[in-house]
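Student: structure for this input, please:
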Amino acid sequence: MSDYLQELNEEQRAAVLYNEGPSLVIAGAGSGKTRVLTYKIAYLLENGYQPWNILALTFTNKAAREMKERIARQVGEGRARKLWMGTFHSMFLRILRTEASSIGFPPQFTIYDTADSKSLIRAIIKEMGLDEKSYKPGAVQARISNAKNYLVLPDAYANSRDIYQGDCAAQMPAVRDVYRRYWERCKQAGAMDFDDLLVYTYLLFRDHPETLARYREQFRYILVDEYQDTNIAQHSIVKQLAQTHGHVCVVGDDAQSIYSFRGADIDNILHFTQDYPNSKIFKLEQNYRSTQTIVCAANSLIQKNEQQIHKEVFSKKEKGEAISVFQAYSDAEEGEIIANTITELHRKEHAPYSDFAILYRTNAQSRVLEETLRKRGMPYRIYGGLSFYQRKEIKDIIAYFRLVVNPHDEEAFKRIVNYPMRGIGDTTVGKIIRAATSHNTSLWTVLCAPEDWGLNLQKGTLNKLQGFQKLIETLMEKANSANAYEAGLDIVKSSGILQDISQENSAEGLSRRENVEELMNGMSEFCAQRLEEGNARIGLSDYLGEVSLLTDLDSDETDDEERISLMTIHAAKGLEFRTVFVAGLEENLFPNGMAGNSPRAMEEERRLFYVAITRAEKHCYLTYAKSRIRYGKIEFSSPSRFLRDIDTQFLQLPQQVSIKHGIDLAAEDFRRKMQEKRSSLETPQKEATASPKPSFRQPAAASRKKPLTLQEGQTIEHERFGLGEVLKVEGEGDNAKATIRFQNAGNKQLLLRFARFKIVK
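Tutor: Numbering: from 1, shown residues only. Model prediction:
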């Protein structure tokens with residue numbers, strides 16, 4: 001037996017050695033699936049297979065590169081280099097380059113990236129005279145991509161009543177016509193987009209049996225990584241190639257299938273044994289990553305899913321501590337609790353910041369967490385995404401804010417003069433810039449009196465520019481008498497941004513809406529908090545002053561510094577950290593409200609939570625907030641149903657102790673709420689068919705009719721900062737102030753007239 005095979009446990013070794021027929025390797029979290037795949041390929045190479053006889057398909061170039069390096073250490077770099085190993089798209093591109101003439105393409109056909117594809121779709125929409133506000137290129141592109149993932153070609157798309165009704169519901173009935181033109185134009189241009197690399201490979205094998213037979217003969221063994229993430233097209237091509245010889249091994253974990261929004265179909269792995277009747281299942285159940293407690297907690301959670309391949313993952317590592325559940329009074333205090341815990345572990349265990357990850361369900365949640373860490377000077381990075389204030393929709397809105405505060409801001413002007421689209425093209429903007437530059441004045445000055453500065457434009461273009469000018473002047477006038485939140489809300493609505501982002505009914509569009517909502521939440525909190533602190537400077541310019549400091553810090557990050565990782569749970573898949581925080585475990589946030597009463601969607605949300613927990617090696621913390629600011633108003637939340645799914649023997653329930661009296665205020669509250677929610681959560685709710693459009697309200701800060709009287713030593717419960725002890729009270733009437741020491745947020749001085757709290761004792 002080869003030395004490397006002795007490194008495997010019994011089940012891993014069995015999976016490597018079995019090559020008589022189809023095999024499904026169910027690889028639990030942290031169970032060493034990459035080792036099994038690489039050693040299996042090495043074993044095949046040592047037992048009669050040539051490198052070019054093996055097709056190994058992955059989802060990322062990084063995974064393929066790492067596997068090749070490991071294989072090279074076993075069989076030599078020369079043999080490893082000749083393997084057909086890479087992503088689905090890269091491997092099928094190699095085939096299509098060779099066989100292009102069979103499907104009517106030149107061998108050097110062009111590959112359209114996402115931007116190219118979107119540009120062509122935009123041109124087609126314009127040619128067809130369709131309204132681009134209704135037919136957003138990104139939304140149309142997403143629908144076409146989804147159709148291709150399911151191998152639905154233009155004719156089938158056009159003839160499907162269900163698809164047409166769906167397009168009509170999205171107010172885009174002509175997508176079928178756009179799709180047909182897009183398909184034809186790509187063919188005429190000798191171009192394929194990324195989805196076409198799958199579609200045309202399938203069509204090549206379907207329509208040319210002699211070609212399929214040749215590749216079946218070449219690829220005597222097929223291996224697929226992360227099989228739970230395959231879509232219909234990928235699954236179908238693998239089946240085409242493996243149908244006769246059955247030498248196929250797929251590796252994955254149905255419990256980690258979380259990408260249905262990208263077209264992944266969990267049924268591919270769940271029904272593998274039906275597609276390959278003589279297949280054998282191997283279960284890798286030993287987790288080498290996490291403590292026993294973390295593994296057992298994750299098991300108790302995922303067992304609640306009905307659609308799954310049952311397995312019992314176990315760990316032989318130390319038992320480890322219970323998973324701590326923290327209840328926060330608000331998302332602001334949630335951020336403080338997380339920062340405090342990181343600080344304590346960083347000091348006690350001398351753990352580098354890179355050992356910590358904060359995971360959340362939606363991108364928008366990063367704002368509060370980022371701001372908490374920044375205020376404390378704790379280094380972090382957004383993994384797999386942009387920092388909150390660097391996201392396009394946020395930068396667009398901030399540009400509007402800047403122009404309203406200072407209309408001579410050239411960069412802000414150029415960014416939003418034609419966003420949302422109002423027919424002011426680059427040529428017109430270029431003329432404005434040249435006129436301003438030649439007269440040493442600002443773009444805004446030229447805009448206000450174009451003829452005075454030698455700007456000769458057609459009447460239609462001048463009317464569009466004057467419309468933009470009047471919009472900004474109206475926004476400026478309103479902003480002069482409004483607080484930052486009121487001014488910001490007016491800008492988001494009046495500019496057309498809110499309407500623009502509300503029309504794109506896709507995962508990307510939903511994320512953009514959530515980010516804009518969170519920006520408004522932050523502005524509401526900015527106004528309320530400053531009023532509480534006795535600071536009346538709550539105008540739009542004051543808000544921009546604070547935000548500019550946050551955005552400036554984005555440019556100061558260096559790659560070599562140890563940083564806390566912040567990311568969505570989707571981005572965390574495949575990663576591991578010594579300490580993991582899962583934030584925002586509240587109903588309608590996680591599980592996401594869009595899951596509605598769909599059992600399939602709810603099970604995917606539960607799998608997502610399973611993925612989050614199993615990223616942790618030693619420490620895992622789950623946090624939820626009793627309230628969050630939404631649409632400018634504090635809304636109260638209920639703990640996530642998923643917390644109830646975990647066996648309580650593996651949890652340390654919330655412990656928030658009164659600063660003065662040592663009273664446990666949270667554990668019993670948690671138990672009570674879990675009991676109250678038990679029956680209501682099991683009753684199906686109305687399924688959400690689309691994300692609700694934001695309906696913003698006025699900010700939560702409002703003056704009390706009569707300030708509460710406080711005394712030193714009293715304990716209060718603040719809506720945002722949680723429990724605090726009164727250290728000092730000074731002033732009278734509307735000017736009364738109190739210095740409060742909060743359990744997690746530290747010392748704060750609050751103007752009682754605006755403070756949002758109740759006296760506990």
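Student: low-confidence ranges in the stretch 201-350 of the chain?
Tutor: In the predicted model of the stretch 201-350 of the chain, no residue satisfies pLDDT under 70.
Student: hey, where'd the helices end up in it?
Tutor: 209-218, 232-242, 267-270, 272-275, 292-302, 331-348 (DSSP state H, counting those that start in this stretch).
Student: residues in contact with Arg143?
Tutor: 167, 170, 172, 175, 179 (Cβ atoms under 8 Å, 6 or more residues apart in numbering). Quick note: C-beta positions are derived from backbone N, CA and C, even for glycine.
Student: how does it look with 10 Å?
Tutor: Contact analysis of Arg143 by Cβ atoms under 10 Å, 6 or more residues apart in numbering lists 157, 163, 166-167, 170, 172, 175-176, 178-179, 505-506.
Student: now, of those residues, which are buried?
Tutor: 157, 163, 167, 170, 172, 175-176, 178-179, 505-506 (16 or more other Cβ atoms under 10 Å).
Student: so where's the chain shaky on pLDDT?
Tutor: 1, 549-560, 655-708.
Student: state which helix of it is the longest.
Tutor: Longest helix of the chain, by residue count under DSSP state H: helix 507-532.
Student: in strands, which of the contacts of Arg143 fall?
Tutor: Among the contacts of Arg143, the subset assigned to strands under DSSP state E is empty.
Student: quick one: which of those residues is nearest Gln292?
Tutor: Checking those against Gln292 with Cβ to Cβ, the nearest one is Ser506 at 40.9 Å.
Student: residues in contact with that closest one?
Tutor: By Cβ under 10 Å, 6+ apart, the neighbours of Ser506 are 136, 138-139, 141-143, 145-146, 170, 261, 512.
Student: let's go with 8 Å and repeat that
Tutor: Counting by Cβ under 8 Å, 6+ apart, the residues that Ser506 touches are 138-139, 142.
Student: likewise for Pro107?
Tutor: 97-98, 100-101.
Student: filter the contacts of Ser506 to the buried ones?
Tutor: By 16+ other Cβ under 10 Å, the contacts of Ser506 give 139, 142 as buried.
Student: tabulate the contacts of Ser506 (a markdown table), appending secondary structure.
Tutor: Below are the contacts of Ser506 laid out as a markdown table (DSSP: H, G, I helix; E, B strand; the rest coil):
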| residue | secondary structure |
| --- | --- |
| Gly138 | helix |
| Ala139 | helix |
| Ala142 | helix |
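Student: how many other residues sit next to Arg220?
Tutor: As a burial measure, Arg220 scores 16 neighbours (other Cβ atoms under 10 Å).
Student: next one: stretch 390-407 to chain centre, how far?
Tutor: 23 Å (Cα atoms, centre = their mean, to the nearest Å).
Student: what sits up against stretch 635-647?
Tutor: Contacts for stretch 635-647 (Cβ under 8 Å, 6+ apart): 296-297, 300-301, 304, 323, 325, 327, 585-591, 605-606, 609, 622, 624-629, 651, 670, 673-674, 677-678, 681.
Student: tell me which helix or strand Ala482 sits in.
Tutor: Using DSSP states H and E, Ala482 maps to neither a helix nor a strand.
Student: show me what contacts the nearest residue to it once chain neighbours are set aside?
Tutor: Spatial nearest neighbour of Ala482, chain neighbours left out: Asp490 (6.9 Å); criterion: Cβ to Cβ, 6 or more residues apart in numbering. Neighbouring residues of Asp490 by Cβ under 8 Å, 6+ apart: 475, 478-479, 482.
Student: what about the strands in the stretch 501-650 of the chain?
Tutor: With DSSP state E, counting those that start in this stretch, the ranges of strands along the stretch 501-650 of the chain come out as 564-568, 577-582, 616-625, 627-630, 633-636.
Student: now these as CSV including mean neighbour count and distance to Ile121?
Tutor: Below are the strands of the stretch 501-650 of the chain laid out as CSV (neighbours: other Cβ atoms under 10 Å; distance: least, Cβ to Cβ, whole Å):
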stretch, mean neighbour count, distance to Ile121
strand 564-568, 23, 27
strand 577-582, 24, 37
strand 616-625, 24, 40
strand 627-630, 22, 34
strand 633-636, 14, 38
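Student: figure out which of those strands is closest to Gly30.
Tutor: strand 616-625 (8.5 Å).
Student: packing partners of the closest one?
Tutor: helix 292-302, strand 323-328, helix 331-348, strand 577-582 (3 or more Cβ pairs under 8 Å, 6 or more residues apart in numbering; DSSP states H and E).
Student: mind putting these into a markdown table with distance to Ile26?
Tutor: Compiled in a markdown table, these are given as follows (distance: least, Cβ to Cβ, whole Å):
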| stretch | distance to Ile26 |
| --- | --- |
| helix 292-302 | 12 |
| strand 323-328 | 24 |
| helix 331-348 | 33 |
| strand 577-582 | 23 |
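Student: between these, which gets nearest to Gly534?
Tutor: Gly534 sits nearest to helix 331-348 of all those, at 18.5 Å, using Cβ to Cβ.
Student: about what we covered before: what packs against the longest helix of the chain?
Tutor: Using 3+ Cβ pairs under 8 Å, 6+ apart, helix 507-532 is in contact with helix 137-149, helix 366-375, helix 392-405, helix 484-494, helix 497-502, helix 540-554, strand 627-630, strand 746-751.
Student: I'd like those as JSON lines, with distance to Asp253 appended.
Tutor: As requested, the helices and strands packed on helix 507-532 are arranged in JSON lines below (distance: least, Cβ to Cβ, whole Å):
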{"stretch": "helix 137-149", "distance to Asp253": "21"}
{"stretch": "helix 366-375", "distance to Asp253": "27"}
{"stretch": "helix 392-405", "distance to Asp253": "34"}
{"stretch": "helix 484-494", "distance to Asp253": "42"}
{"stretch": "helix 497-502", "distance to Asp253": "35"}
{"stretch": "helix 540-554", "distance to Asp253": "35"}
{"stretch": "strand 627-630", "distance to Asp253": "32"}
{"stretch": "strand 746-751", "distance to Asp253": "42"}
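Student: how about the ones you listed, which one is nearest Glu525?
Tutor: Comparing those by Cβ to Cβ, strand 627-630 comes nearest, at 5.6 Å.
Student: tell me the gap between that closest one and the middle of its chain.
Tutor: On Cα atoms, centre = their mean, the centre of strand 627-630 falls 20 Å from the chain's centre.
Student: what sits up against it?
Tutor: 329-331, 517, 521, 524-525, 586, 589, 634-637, 700, 719-720.
Student: hang on, Asp131 is in a strand, isn't it?
Tutor: No - assessed with three-state DSSP, Asp131 is coil; it does not lie in a strand.
Student: and stretch 577-596, what's buried?
Tutor: In stretch 577-596, the ones that count as buried by 16+ other Cβ under 10 Å are 577-592, 594-595.
Student: cool, and stretch 737-757?
Tutor: 737-740, 742-745, 748, 750-757.
Student: span of that stretch from start to end?
Tutor: 13 Å (Cα to Cα, to the nearest Å).
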